[in-house]
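Colleague: Please find the sequence and the predicted model below.
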Amino acid sequence: DTGVSQNPRHKITKRGQNVTFRCDPISEHNRLYWYRQTLGQGPEFLTYFQNEAQLEKSRLLSDRFSAERPKGSFSTLEIQRTEQGDSAMYLCASSLAAATNEKLFFGSGTQLSVL
Amino acid sequence: DAKTTQPTSMDCAEGRAANLPCNHSTISGNEYVYWYRQIHSQGPQYIIHGLKNNETNEMASLIITEDRKSSTLILPHATLRDTAVYYCIVGGYQKVTFGIGTKLQVIP
């Protein structure tokens, strides 16, 4: 169990540029979540996958955001035409969903700064 | 998911027990109580969860009231490394929704 891995750890970009983040979940986990966190706030849910299917997207996720999990393993989160308000920590989590409860295992996050 | 209410911040002396309360009066019968913590600049870390009975693991104990409307996370001997934001969450299945949590400061 190598844990949830996120790359890059830090990303600095200029407004208007596109960025892509990658998440590698724990290998046997079938669920993968993306969260966004700003300073002083708890993580905000963005979207989640069960295997390769994207099951839910938050209203926070504008059309500029897209997430994929093509083979049910790693996932990418792309932000197009970045804005300064996109500056945040982007967290990925994975879980082995059970029938009634689940524990999430988080990566260390990708800190995005939009200049 | 049911909402939770936690104090914004708490202090605890090193070596003493830290008792972190959480109110979840609208919890439904099949929803679990989960606790996570987040140390600065890291992702949240799962601590413990329970449904009705009290639970204990190597990190903490979870005490859930009989009516399930509140719970307490207990760190039996707090250390400086326990300084973190602690999140109480109720839910069962699918997405986990975080609040602001309790910022616990362990004081030497």
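Modeller: Done, it's in.
Colleague: Could you give the bridge partners of residue B:73?
Modeller: residue B:20, residue B:62 (DSSP bridges).
Colleague: my read: residue B:107 touches residue B:11, true?
Modeller: Yes. When contacts are counted by CB atoms under 8 Å, residue B:107 is listed as touching residue B:11 (5.7 Å). In short, each C-beta sits where N, CA and C put it, glycine included.
Colleague: shared neighbours of the two, anything?
Modeller: Residues touching both residue B:107 and residue B:11 (CB atoms under 8 Å, 6 or more residues apart in numbering or on different chains): there are none.
Colleague: closest point of chain A to chain B, which residue?
Modeller: Minimum separation of chain A from chain B (CB to the nearest CB) falls at residue A:106, amounting to 3.1 Å.
Colleague: Residue B:73 contacts residue B:86, doesn't it?
Modeller: Yes. Here residue B:73 reaches residue B:86: they are 6.5 Å apart, a contact under CB under 8 Å.
Colleague: Can you pull the residues that touch both of those two?
Modeller: Common neighbours of residue B:73 and residue B:86 (CB under 8 Å, 6+ apart) are B:20, B:35, B:47.
Colleague: Hmm, residue A:95 is touching residue B:34, no?
Modeller: No. With contacts counted by CB under 8 Å, residue A:95 stays clear of residue B:34, the gap being 11.4 Å.
Colleague: Now the common contact residues for the two.
Modeller: Residues touching both residue A:95 and residue B:34 by CB under 8 Å, 6+ apart: residue A:103.
Colleague: so what's the residue nearest to the residue of chain A closest to chain B when sequence neighbours are not counted up against?
Modeller: Using CB to CB, 6 or more residues apart in numbering or on different chains and skipping the chain neighbours, the partner closest in space to residue A:106 is residue B:43 (3.1 Å). When contacts are counted by CB under 8 Å, 6+ apart, residue B:43 touches A:4, A:91, A:93, A:106-109.
Colleague: and what of residue A:18?
Modeller: Counted by CB under 8 Å, 6+ apart, residue A:18 has contacts A:78-82.
Colleague: What residues does chain B have near chain A?
Modeller: B:30, B:32, B:34, B:36, B:41-46, B:49, B:51, B:85, B:87, B:92-101 (CB under 8 Å from any CB of the partner chain).
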